[in-house]
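A.B. asks: Could you look at this predicted model? Sequence included:
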Amino acid sequence: MRIEQFKYDNRWVRNFAFASFLWGFVGMLVGLIIACQLVWPQLNFVEWTTFGRLRPLHTNAVIFAFVGNGLFMGIYYSLQRLLKTRMWSDKLSAIHFWGWQLIIVSAAITLPLGITSGKEYAELEWPIDIAIAVVWIVFGINMFATIFTRRERHLYVAIWFYIATWVTVTMLHVVNSVELPISLFKSYSVYAGVQDALVQWWYGHNAVAFFLTTPYLGMMYYFLPKAANRPVYSYRLSIIHFWALIFLYIWAGPHHLLYTALPDWAQSLGTVFSIMLIAPSWGGMINGLLTLRGAWDKVRVDPVLKFMVVAVTAYGMATFEGPMLSIKSVNAISHYTDWTIAHVHVGALGWNGFLTFGVLYWLIPRLYKTNLFSIKLANTHFWLGTLGILFYVVPMYWAGFTQSFMWKQFTPEGILKYPNFLETVNAIKPMYMMRALGGLLYLTGTTVGIYNLFKTAGQGTFQAEEDAEAPALEKEYTAHSNEGWHRLIERRPVQMLLLSLGLVAIGGAVELIPTFLIESNVPSIASVKPYTPLELHGRDIYIREGCYNCHSQMIRPFRSETERYGEYSKAGEFVYDHPFQFGSKRNGPDLQREGGKYPDSWHYNHILEPSSMSPGSIMPSYPHIIDHDLDVSTTEAKISAMQMLGVPYPKGYEKVAQADVDKQAATIADNLGKSGIKVSKNKEIIALIAYLQRLGKDIKGAPKAAEVK
Amino acid sequence: MSVLFILISASLTIALLFLFAFIWSVKSGQYEDDYTPSVRILFDDELKSKPVNKNKAI
């Protein structure tokens, strides 16, 4: 047997590691800022730092910058060692690394500028979407070429998780990002309304599954046994865990749309698969924790294992809670509240955050051929982080229950006990303060951790090239007669890839295609008409400011909601909404039936200074919408784009749409003038008022039983 | 609309194939070596000064 000498590449592992915790710090800091903004709205400062723009920055930074770089770090390190080969191309590694950082920087610039596609967790505009696809494919080529040139036939379970990650994220990103550009910085989702919502949450849920979960499970299966220096509890369980997980996960997306206008069968499908998911998820958690059987004494002294144990426990808690939240009656309480926020932070702070830091504390000393600078500081980080998680999530659960029950509370006379939404916000402000404290604790821990890691790097010598050797892989393989089918798959990465893609595609196709194709799934309502060009402009301002981060446009069919907001939402009302704006959290009231509720002057004053109309409001003020002129240069392009997407404007309307903009704007400006507000008709506020006053109105003109085709 | 039926039946066919593959694998006593890989990953850390034949051919 010929032994080959080669070198592992540690440079890009190190770079991804540093990028991970440095961006992590930024993402968490932005998180802390927006947490404080919900208590002290004056912290919104200027237009670029309002909650609606910073919240997408926070989520994108944490998911794609912190966890993204974290998973690349884990994959680049473990893949080489599991396959006994160097990453295939240093050049591709470099393009991957710098390309990804460039994408993060462009996100950090465009999101505060209000350049957004308006779809949660996929806010980045189309040029960045393309860049993400390109860099992701570069990563894929590098990874698969490494797999092809491996010296180890067997593909360890972690690698399957990495492969599934790549395949599924590629598909999710491409399908969800199909958009029609009208300029370099603006595009419209090709899907509309409920269909857009289904695609988006299919993406959103599976981004959690295949970006935040599967690569980290792969890392758990590599780094946890390494750190504990004992084999994973059950390798067989890990195989079952993998297949069951990827097969079930892809179907669960609709649980984000329970009680919405999504067809009921799709909701039920999402619920059923979400509940089944608890089995593989807990199988994985148990497999992780039992790996430490007989090694719990190490957990007492080794900060790496402490972090990992809490991470895996948090994974278990979050994946228990997820199925519970997917039950309709539980979701009826939790949806739109801080319960969801608590749930995702158990995952993000606990599972992703702690696993990342566990791996970092294990990895950085190895890359720098030294010991951890201070175990004491690592323990400090651990306790600050753990307490931070508790101080974060407990108040959020409390806030979620409190607010939801207040929303649903009726007096004995049968009227809403808290008809003023603001009352329910003020009741949970103390919890918001506690949450900010929890975030501060966690961020402090992270800072201590970063200091510790830098000190560790400083005292060691970085070894960019690590010598390794392994027997060459024989070309021909003679199968043992009693080999399992699974082994056969493991040796064939391409087939494996196709198999995973097939599995994942089944889930996607069965859910998506019928909704697209069966007309009866989206009843069209005769009285629902396309937006006027001015309203369309206003809608784009609504999207730019990220209003959907705090305001839903989806009234569920509960008495507590129809009493508060009006008639519940119908799928047919959203057929011209590119993109949909259902929202997922109510920091403020639902706006689906906002049209006609208040006079134009109320909206003008409310946008200028929310607390003038609603004392104690936590909404930022938007003086720039009052000041800025509306950009009407895009009117024609917007109408043309909508026509191309099937919105039935008359032929040639795009040429004359501008006249309608001016006419409607003049009417609104006149109306404001009558209320004593002098405002020029070419301001953005006019368009926004036009949109808000249109919201949910069409159906009111319809006959009682909406005409259903 | 026929595309719907084609897609659903194709999807179900693949799903059923998986089910049968799984049942077959369990019944025919597969998953024989489901232990070595978990141990092997623990032994690849440092380069030995002298090449050793770890004899890891599967």
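C.D. replies: That came through, no problem. Computed from a predicted structure; not experimentally measured.

A.B. asks: mind checking pLDDT for residue A:209?
C.D. replies: The model reports residue A:209 with a pLDDT of 88.

A.B. asks: Hmm, it is touching residue A:251, no?
C.D. replies: No - counting by C-beta atoms under 8 Å, residue A:209 sits too far from residue A:251 to count as a contact (10.4 Å). Heads up, the C-betas are built off the backbone N, CA and C, glycines and all.

A.B. asks: can you pull the contacts of the residue sitting nearest the centre point of chain A?
C.D. replies: With distances taken as C-alpha atoms, centre = their mean, residue A:121 lies nearest the centre of chain A, 3.7 Å away. Each residue near residue A:121 by C-beta atoms under 8 Å, 6 or more residues apart in numbering or on different chains is listed here: A:59-60, A:63, A:203-204, A:207.

A.B. asks: Point out where the chain drops to low pLDDT.
C.D. replies: With no chain named, the answer covers chain A. Scanning chain A for pLDDT under 70 picks out the ranges A:475-496, A:498-499, A:502-503, A:505-523, A:701-709.

A.B. asks: wrong one, I was asking about chain B
C.D. replies: Applying pLDDT under 70 to chain B picks out residues B:1-33, B:44-58.

A.B. asks: longest helix anywhere in chain A?
C.D. replies: Identified as the longest helix of chain A according to DSSP state H is helix A:375-408.

A.B. asks: Buried residues of the one helix or strand residue A:286 maps to, list them for me.
C.D. replies: Residue A:286 is part of helix A:278-290, with elements assigned from DSSP states H and E. By neighbour count, with 16 or more other C-beta atoms under 10 Å in any protein chain shown as the criterion, the buried positions of helix A:278-290 are A:278-289.

A.B. asks: got a list of contacts for that helix?
C.D. replies: Residues from elsewhere that reach helix A:278-290, judged by C-beta under 8 Å, 6+ apart: A:217, A:220-221, A:224, A:232-234, A:237-238, A:240-241, A:244-245, A:248, A:308-309, A:312-313, A:315-316, A:319-320, A:322-323.

A.B. asks: when you scan the helix or strand just after that helix, is anything in it near chain B?
C.D. replies: On the C-terminal side of helix A:278-290, the nearest following helix or strand under DSSP H and E is helix A:296-301. No - using C-beta under 8 Å from any C-beta of the partner chain, helix A:296-301 never reaches chain B; the gap is at least 14.3 Å.

A.B. asks: Helix, strand or coil: sort out whatever residue of the stretch 551-700 of chain A ends up closest to chain B for me.
C.D. replies: Using C-beta to the nearest C-beta, residue A:646 is the residue of the stretch 551-700 of chain A that sits closest to chain B, at 17.8 Å. Following DSSP: H, G, I helix; E, B strand; the rest coil, residue A:646 is assigned to coil.

A.B. asks: Quick check on it: phi, psi?
C.D. replies: phi 100, psi 10 (degrees, to the nearest 10).

A.B. asks: what's the distance between it and residue A:182?
C.D. replies: With the distance defined as C-beta to C-beta, to the nearest Å, residue A:646 ends up 16 Å from residue A:182.

A.B. asks: which of the two has more neighbours?
C.D. replies: residue A:182 (20 against 11; other C-beta atoms under 10 Å in any protein chain shown).

A.B. asks: What are the neighbouring residues in contact with the residue nearest to residue A:529 when sequence neighbours are not counted?
C.D. replies: Leaving aside its chain neighbours, residue A:529 sits nearest to residue A:698 (6.0 Å; criterion: C-beta to C-beta, 6 or more residues apart in numbering or on different chains). By C-beta under 8 Å, 6+ apart, the contact list for residue A:698 reads A:525, A:527-529, A:573.

A.B. asks: Out of those residues, flag the one nearest to chain B.
C.D. replies: Chain B has its nearest neighbour among the contacts of residue A:698 in residue A:525, at 22.3 Å by C-beta to the nearest C-beta.

A.B. asks: quick one: the strands in the stretch 51-200 of chain A?
C.D. replies: A:179-183, A:186-189 (DSSP state E, counting those that start in this stretch).

A.B. asks: now, of those strands, which is deepest in the fold?
C.D. replies: strand A:186-189 (a mean of 23; mean count of other C-beta atoms under 10 Å in any protein chain shown).

A.B. asks: Kindly reformat the contacts of residue A:698 as CSV containing secondary structure and neighbour count.
C.D. replies: Listed next are the contacts of residue A:698 as CSV, based on DSSP: H, G, I helix; E, B strand; the rest coil; neighbours: other C-beta atoms under 10 Å in any protein chain shown:
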residue, secondary structure, neighbour count
A:525, strand, 19
A:527, coil, 15
A:528, coil, 18
A:529, coil, 14
A:573, helix, 27
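
A.B. asks: Can you pick out the most distant pair from these?
C.D. replies: Farthest pair in the contacts of residue A:698 (C-beta to C-beta) is A:529 and A:573. Separation: 10.8 Å.

A.B. asks: Got the domain ranges for chain A?
C.D. replies: Chain A breaks down into these structural domains: A:7-469+A:495-510, A:533-701 (assignment by automatic domain parsing).

A.B. asks: Next, format the ones you listed as TSV and append distance to residue B:42.
C.D. replies: Formatted as TSV, the domains of chain A follow (distance: least, C-beta to C-beta, whole Å):
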stretch	distance to residue B:42
domain A:7-469+A:495-510	6
domain A:533-701	43
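
A.B. asks: between the ones you listed, which one is nearest to residue B:43?
C.D. replies: Closest of the domains of chain A to residue B:43 is domain A:7-469+A:495-510, at 10.2 Å (criterion: C-beta to C-beta).

A.B. asks: Put the alpha carbons of the helix holding residue A:286 into PDB.
C.D. replies: C-alpha atoms of helix A:278-290 as PDB (Å, rounded to 0.1, in the frame of the first residue of the first chain):
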ATOM      1  CA  ILE A 278     -39.400  15.400  16.700                       C
ATOM      2  CA  ALA A 279     -38.200  11.800  16.200                       C
ATOM      3  CA  PRO A 280     -35.100  12.400  14.100                       C
ATOM      4  CA  SER A 281     -34.300  15.600  15.900                       C
ATOM      5  CA  TRP A 282     -34.300  14.000  19.300                       C
ATOM      6  CA  GLY A 283     -32.500  11.000  17.900                       C
ATOM      7  CA  GLY A 284     -29.700  13.400  17.000                       C
ATOM      8  CA  MET A 285     -29.800  15.200  20.300                       C
ATOM      9  CA  ILE A 286     -29.700  11.900  22.300                       C
ATOM     10  CA  ASN A 287     -26.900  10.600  20.100                       C
ATOM     11  CA  GLY A 288     -24.900  13.800  20.800                       C
ATOM     12  CA  LEU A 289     -25.500  13.700  24.500                       C
ATOM     13  CA  LEU A 290     -25.000  10.000  25.000                       C
END
